[in-house]
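Chemist: build the 3D model from these lines:
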Amino acid sequence: MPRTLVPGKKYPMIVNVHGGPSAASGPNFVSRGNTRDFIDRGYFVFLPNPRGSYGQGEAFTAANVKDFGYGDLRDILTGIDAVEKVAPVDDKRLGITGFSYGGYMTMWAVTQTNRFKAAAAGAGVANWLSYYGENGIDQWMIPFFGSTVYHDPAVYAKSSPITFINNVKTPTFVYVGERDVECPAPQSFEFWHALSTLGVPTSLVVYEGEGHGIRQPAHTRDITTRVMGWFDKYLKQ
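Modeler: Modelled structure (predicted):
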């Protein structure tokens, strides 16, 4: 939460979704990217561990199999409701961000709800069908989706943000590494192109020479500047 709270005042909040999906956010408040920067700029930060995350048993970790996006998002929204009951968070100034699977969940969330007023998707996945043939690690997908995309395209389509792209109203910043083989840049292009065509405020940055982990200090600083500026523009007015 912000370092100083004014009684009676409500504050914007950023939901920062971890990657994976089989991973988890720990108790360290600087464990998820830009968390400290958000706090320093007056935001609450919520680091959810929705179904699919580690730490709550095998069944919980497997609970999003053949259901990417759906139960995960319900858990995140339920978590936001719980936070708002105990903290002075302004529900009209919510943002969502994440990288890798968190980037996918960001893209997914803005196609499913207009509750978020700004979003920043890092190395996300817009279309699981095209992703299957683009990424360099496709074998991980079969245990989660139950089949290849060639044998059951419907299960991939139902969890693809691009399937529901006409629902998006949320201004969304998109960024990715040029040489990312895990979440290839065409996925970010596809999402950005759709939002641009539909008139949704958006911006895309592709970081030259970077892979799935964006490493160069100049690039990481640029991401922080752009992400902070994006949320400040839409959540602090």
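Chemist: neighbouring contacts of the helix or strand of the chain with the lowest mean pLDDT?
Modeler: Within the chain, no helix or strand scores below helix 58-61, which has a mean of 77 by mean pLDDT, DSSP states H and E. With Cβ atoms under 8 Å, 6 or more residues apart in numbering as the contact definition, helix 58-61 has outside contacts at 22, 51-54. To be clear about C-beta, it is placed using only N, CA and C from the backbone, and glycine gets the same treatment.
Chemist: can I get those residues in TSV with secondary structure and pLDDT?
Modeler: As requested, these are arranged in TSV below (DSSP: H, G, I helix; E, B strand; the rest coil; pLDDT from 0 to 100):
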residue	secondary structure	pLDDT
S22	coil	73
R51	coil	79
G52	coil	61
S53	coil	74
Y54	coil	73
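Chemist: name the member of the residues you listed with the most neighbours.
Modeler: Neighbour counts for those (other Cβ atoms under 10 Å) peak at G52, which has 25 neighbours.
Chemist: mind giving me the packing neighbours of the helix ranked longest in the chain?
Modeler: The longest helix of the chain (DSSP state H) is helix 217-235. Under the contact definition 3 or more Cβ pairs under 8 Å, 6 or more residues apart in numbering; DSSP states H and E, helix 217-235 sits against strand 11-17, helix 35-40, strand 89-99, strand 118-122, strand 172-177, strand 202-207.
Chemist: from the ones you listed, which stretch is densest packed?
Modeler: Mean neighbour count, computed with mean count of other Cβ atoms under 10 Å, is highest for strand 118-122 among these, reaching a mean of 28.
Chemist: quick one: distance of that strand to the chain centre.
Modeler: 6 Å (Cα atoms, centre = their mean, to the nearest Å).
Chemist: got the CA coordinates for the helix or strand encompassing D72 in PDB?
Modeler: D72 is part of helix 70-86 when elements are defined by DSSP states H and E. The C-alpha atoms that make up helix 70-86 are tabulated as PDB, following Å, rounded to 0.1, in the frame of the first residue of the first chain:
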ATOM      1  CA  TYR A  70     -11.900 -18.300 -16.700                       C
ATOM      2  CA  GLY A  71     -11.400 -19.500 -13.200                       C
ATOM      3  CA  ASP A  72      -8.100 -17.600 -12.900                       C
ATOM      4  CA  LEU A  73      -9.900 -14.300 -13.500                       C
ATOM      5  CA  ARG A  74     -12.800 -15.200 -11.200                       C
ATOM      6  CA  ASP A  75     -10.300 -15.700  -8.400                       C
ATOM      7  CA  ILE A  76      -8.500 -12.400  -9.200                       C
ATOM      8  CA  LEU A  77     -11.800 -10.500  -9.200                       C
ATOM      9  CA  THR A  78     -12.900 -12.200  -5.900                       C
ATOM     10  CA  GLY A  79      -9.500 -11.200  -4.400                       C
ATOM     11  CA  ILE A  80     -10.100  -7.600  -5.500                       C
ATOM     12  CA  ASP A  81     -13.500  -7.600  -3.800                       C
ATOM     13  CA  ALA A  82     -11.800  -8.900  -0.600                       C
ATOM     14  CA  VAL A  83      -9.100  -6.200  -0.700                       C
ATOM     15  CA  GLU A  84     -11.700  -3.400  -1.200                       C
ATOM     16  CA  LYS A  85     -13.500  -4.500   2.000                       C
ATOM     17  CA  VAL A  86     -10.400  -3.900   4.100                       C
END
